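Asks: no sequence for this one, just the structure:
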C-alpha cells in the first residue's frame, strides 16, 4: 500500500497493492493497522454507496460538529472526479480545493478528514462510489457549498451536469460560515 500526501494538509491518496492473476485480482481496501500507521486513526462506523450516471454531480457536502465525518472514498465501478474544499477556518489552505480521478482501474482511495466539503462528478455511466465514514449521518448537521461557485472555480469536467435540487440551492463560498 502506497500512501501519499497532497498540498492540502490531512488529505491522503492511498494506492493499494493489487495482486493480479488469471482469475482476476485481489486487494485489501482497508487494513486498520496499516491505516493507523499512516496516521488515519479514526474508527469507521458507517458505509455508504451510491450509483450515478455520467454527468451526475454530488456535493459539495459536509457534516458539522459534533457529527463531523472523515471519509475514506473509492470507486468500485466506473470513474469520478473527486473534489474537496478545505473549510477549516485556521488552515493555510482555507478555501482551496483539490481534485483527483478515482476509477475502477487505478483503484485509488482518498482519505478526507473532517473539515473538508466533499463532492464528485461522475465520468462514466453506472458508477458505483463507496464511502467509509467516521461518524453517523445526522440530517441537522449536514451542510454544503454551491457546487458551481465561481469563487471556487472547480472544473467538474462535464458539460451537462445532473445536480439535485438540494445541491442547486446551497450557499456560495462568499456567504459560507464554516463550523470548523
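Replies: Ah, there it is. Bear in mind the structure is a predicted one, so any value in this text is a computation, not a measurement.
Asks: if I pick the residue nearest to the spatial centre of the chain, what's in contact with it?
Replies: Geometric centre of the chain, nearest residue: residue 118, 4.8 Å, by Cα atoms, centre = their mean. Going by Cβ atoms under 8 Å, 6 or more residues apart in numbering, residue 118 touches 59-62, 71, 73, 82-84, 112. Every C-beta, even on glycine, is put in place using the N, C-alpha and C of the backbone.
Asks: any of the residues you listed buried? List them.
Replies: 59-62, 71, 73, 82-84, 112 (16 or more other Cβ atoms under 10 Å).
Asks: please name the nearest non-neighbouring residue to residue 28.
Replies: Residue nearest to residue 28 in three dimensions, not counting chain neighbours: residue 16, with 6.3 Å by Cβ to Cβ, 6 or more residues apart in numbering.
Asks: so that neighbour versus residue 6, what's the distance?
Replies: Distance from residue 16 to residue 6, counting by Cβ to Cβ, to the nearest Å: 17 Å.
Asks: one more: residue 49?
Replies: Taken as Cβ to Cβ, the span from residue 49 to residue 6 is 24 Å.
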